[in-house]
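[1] Quick check, what structure comes out for this input:
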Amino acid sequence: MDAPVHRHRPEPPVSPSPARTAAEHLDVLIVGAGISGIGAARYLKTELPSKSFAILEARRASGGTWDLFRYPGIRSDSDLHTFGYEFKPWRDEQSIADAPRILDYLRQAAAENGLDAHTRYHHKVVGASWSTGEARWTVEVERTDTGERTTLTCGWLFSAGGYYRYDEGFTPRFEGLDRFPGPVVHPQHWPEDLDYAGKRVVVIGSGATAVTLVPAMAGTAAHVTMLQRTPTYVVPVPRADLLANTLKKYLGERRGYALTRRKNIAQQRLVWSFCRRFPKAARRLIRWVNTRQLPAGYPVDVHFNPPYDPWDQRLCAVPDGDLFRAIREGRASVVTDRIATFTERGVLLESGEELAADVVVTATGLNVQAFSGIRLTVDGREVRLSDTLAYKGMMLSGVPNLSFAIGYTNSSWTLKIGLLCEHFCRLLAHLDAHGYDICRPEPSDPAMPTRPFLDFGAGYVRRAVDSLPRQGDRSPWLTSMDYRDDVKLLRSGSVADPELVFSRATARTGATA
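    As a prediction, the model looks like this:
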């Protein structure tokens, strides 16, 4: 019997749904085109040329800190023979260099290594989610110029954005600030049209930014006052390294640079070790140097005698003693007191003294922000940084395929960045050689004592310590601040470690290996 005929209007053909465009996939995404990001990209391209990568930069230009900050006199506070990259000699005569010279150096490094083609500006990473099954990060990116949202995927995420917020600096609440009629400026957002010529300037702060601003502004302003609540250790250093320039002249750029770098690394370590082992002697020595730099009878113990030991916080270097020279010449002064309130004329102090001011600069510090504020999730679980431990100072416990670059706080930042990048490249090569897709740090002793990752007394660190990762009391969970130790750990030491778990993607193998 024939099958019945169903006489009904045939269904229209189903149009295929638009194909979902697959997100672009890269082996490595580097977040940040500053000194760390450029360094990471150069090592990656040189050591692992087959890896695909991109540098995502939220701003419209490279250079990070050295492009962001535009305040008068901005410069390095460590020598460029160690602050520069190991792979690129510092050729300038200045050792303590100003920002334009550093920015030129960074952009030359990027251009010489073909990194400009890999850099995507106006790309801000707002979130990243890890899938163990696929062994990849899905990264949400916002175009800062158009607001458009896009998605990328990558096997590894490398955070090279430093540890402070670029969109705002830290300014405490000041009583009566609305009464002050003049401009109040934070150095992180310096107006191009700020006119302080012939005006009375009060710079609030005592850190590296303040001691840079005061002598730089003193040449143009009527007078500059550095108003500090607590003194800082300030030491004069030569702007030019005569030995470095001599070695370069007679041995050539590369050999001269390499020898100068070794000399300065040893010198930095010696100074830091001396200060930590003999704090009283170090304090006396710094005081003696300050006394020789300042006018006879100057109250050194009031304005240059911190209540903490040397290197509990970073020492402030002043090239050729420019801050002390401005004080000697009467163009600048230091006041140690607390602010009671702002007034129509300036700043009233708790002592009753009023500082007259036409312009106020709040050199009051930074707002710490780890991982550029990116929201991280691992297999649907949000990562709380304060619950993680830093592994070798470059990865986080329980977070796969994520690396970050944080430099030294007691020496040149870039010394550690170079070692971290070398180790990162060796780690990726190890995964490839053994067929792994994933590595994840896991402490074998969950009860290990911990302390803050940035174990440092600066105010900007103390304000944020509860939102940052922590470190342990033993290697590889102890974050080293010693270059010589890190050479052994990161350059010479094995990447394989009992507390680093290697595995394969479950989507590929059906189960983790």
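
[2] what sits opposite residue 356 in the beta ladder?
    Counting by DSSP bridges, residue 356 forms beta bridges with residue 346.

[3] Now do the contacts for it.
    By CB atoms under 8 Å, 6 or more residues apart in numbering, the contact list for residue 356 reads 200, 345, 346. Backbone N, C-alpha and C define where each C-beta goes, glycine included.

[4] cool, and residue 300?
    287, 290, 291, 294.

[5] For stretch 341-360, output the C-alpha coordinates as PDB.
    Taking Å, rounded to 0.1, in the frame of the first residue of the first chain, the C-alpha atoms of stretch 341-360 are listed here in PDB:
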ATOM      1  CA  THR A 341      43.400  73.400  55.500                       C
ATOM      2  CA  PHE A 342      43.600  75.200  52.200                       C
ATOM      3  CA  THR A 343      42.900  78.900  52.300                       C
ATOM      4  CA  GLU A 344      42.200  81.600  49.700                       C
ATOM      5  CA  ARG A 345      45.900  82.400  49.900                       C
ATOM      6  CA  GLY A 346      47.500  79.000  50.000                       C
ATOM      7  CA  VAL A 347      48.000  76.300  52.600                       C
ATOM      8  CA  LEU A 348      47.600  76.700  56.400                       C
ATOM      9  CA  LEU A 349      49.700  74.200  58.300                       C
ATOM     10  CA  GLU A 350      49.000  72.600  61.700                       C
ATOM     11  CA  SER A 351      51.900  74.600  63.200                       C
ATOM     12  CA  GLY A 352      49.900  77.800  62.300                       C
ATOM     13  CA  GLU A 353      52.200  78.800  59.400                       C
ATOM     14  CA  GLU A 354      50.600  79.700  56.100                       C
ATOM     15  CA  LEU A 355      52.400  78.900  52.900                       C
ATOM     16  CA  ALA A 356      51.400  81.400  50.200                       C
ATOM     17  CA  ALA A 357      50.800  79.800  46.900                       C
ATOM     18  CA  ASP A 358      49.600  80.600  43.400                       C
ATOM     19  CA  VAL A 359      49.900  76.900  42.100                       C
ATOM     20  CA  VAL A 360      49.700  73.700  44.100                       C
END
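
[6] mean confidence for that stretch?
    In this model, stretch 341-360 has an average pLDDT of 97.

[7] what do you get for stretch 131-145?
    Across stretch 131-145, the average pLDDT comes to 96.

[8] again, but for stretch 301-320
    For stretch 301-320, the mean per-residue pLDDT is 94.

[9] Identify each of the helices in the stretch 151-300 of the chain and give its residue range.
    Secondary structure of the stretch 151-300 of the chain, counting by DSSP state H, counting those that start in this stretch: helices at 208-218, 242-251, 253-277, 279-293, 300-303.

[10] tell me what the fourth one is packed against?
    Helices and strands touching helix 279-293, by 3 or more CB pairs under 8 Å, 6 or more residues apart in numbering; DSSP states H and E, are strand 234-237, helix 253-277, helix 300-303, helix 322-328.

[11] buried sites along it?
    282, 283, 286, 289, 290, 293 (16 or more other CB atoms under 10 Å).

[12] Ok, the last one next?
    The neighbour-count criterion (16+ other CB under 10 Å) identifies 300, 303 as the buried residues of helix 300-303.

[13] Just the C-alphas of it, formatted as CSV.
    Output of helix 300-303 as CSV, limited to C-alpha atoms (Å, rounded to 0.1, in the frame of the first residue of the first chain):
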residue,chain,number,x,y,z
VAL,A,300,69.0,68.7,58.2
ASP,A,301,67.5,66.6,61.0
VAL,A,302,64.1,68.3,60.5
HIS,A,303,63.8,68.0,56.7
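
[14] got any ranges where this structure has weak pLDDT?
    1-21, 456-460, 507-513 (pLDDT under 70).

[15] hmm, back to that, any idea which of the contacts of residue 300 is closest to residue 225?
    Distance to residue 225 across the contacts of residue 300 (CB to CB) is lowest for residue 294, with 15.7 Å.

[16] what's the closest non-adjacent residue to that closest one?
    Nearest residue to residue 294 in three dimensions, chain neighbours excluded: residue 324, at 5.8 Å (CB to CB, 6 or more residues apart in numbering).

[17] got a list of what that neighbour touches?
    The contact partners of residue 324, taken as CB under 8 Å, 6+ apart, are 234, 236, 290, 293, 294, 318.

[18] ok, 7 Å please
    236, 293, 294, 318 (CB atoms under 7 Å, 6 or more residues apart in numbering).

[19] Check the gap between the residue positioned nearest the centre of the chain and residue 286 for me.
    Nearest to the mean C-alpha position of the chain, by CA atoms, centre = their mean, lies residue 162 at 3.1 Å. With distances taken as CB to CB, to the nearest Å, residue 162 is found 28 Å from residue 286.

[20] next one: residue 151
    Residue 151 is 53 Å from residue 286, by CB to CB.

[21] How about residue 88?
    33 Å.

[22] Verify the stated contact: residue 295 with residue 330.
    No: using CB atoms under 7 Å, residue 295 makes no contact with residue 330, being 9.0 Å away.

[23] And the helices in the stretch 401-513 of the chain?
    All helices of the stretch 401-513 of the chain, identified by DSSP H, counting those that start in this stretch, fall at 413-434, 459-464, 483-486, 506-509.

[24] tell me how far the longest one is from the chain's mean position?
    Distance, stretch centre to chain centre, for helix 413-434: 18 Å (CA atoms, centre = their mean, to the nearest Å).

[25] same check, this time on stretch 493-511
    29 Å.

[26] Count the neighbours of residue 395 for me.
    Using other CB atoms under 10 Å, residue 395 is surrounded by 26 other residues.

[27] Could you double-check that it sits in contact with residue 402?
    Yes: between residue 395 and residue 402 there is a contact at 6.4 Å, judged by CB under 7 Å.

[28] what's near enough to touch residue 176?
    By CB under 7 Å, 6+ apart, the residues touching residue 176 are 341, 342, 343.

[29] hang on, the first one in a helix?
    No: under DSSP: H, G, I helix; E, B strand; the rest coil, residue 341 falls outside any helix and is assigned strand.

[30] Which strand residues bridge it?
    In this entry, residue 341 is beta-bridged to residue 348, by DSSP bridges.

[31] Next up, the contacts around it.
    The neighbourhood of residue 341, defined by CB under 7 Å, 6+ apart, consists of 175, 176, 348.

[32] Go again with 8 Å.
    By CB under 8 Å, 6+ apart, the residues touching residue 341 are 174, 175, 176, 179, 347, 348.

[33] Counting neighbours, what do you get for the second one?
    Neighbours of residue 175 under the rule other CB under 10 Å: 11.

[34] Excluding covalently adjacent residues, which one is nearest to it?
    Nearest residue to residue 175, sequence neighbours excluded (CB to CB, 6+ apart): residue 341, at 4.2 Å.

[35] Would you check how far apart the nearest residue to residue 88 once chain neighbours are set aside and residue 39 are?
    For residue 88, ignoring the flanking residues on the chain, the nearest one in space by CB to CB, 6+ apart is residue 109 at 5.1 Å. According to CB to CB, residue 109 stands 8 Å off from residue 39.

[36] ok, these two, which is more surrounded?
    Remark: of residue 109 and residue 39, residue 39 carries more neighbours, 27 against 20, as counted by other CB under 10 Å.

[37] Tell me if the more buried one really is in a strand.
    No: read with three-state DSSP, residue 39 is helix and lies in no strand.

[38] pretty sure residue 342 is touching residue 175, no?
    Yes: judged on CB atoms under 8 Å, residue 342 makes contact with residue 175 at a distance of 6.9 Å.
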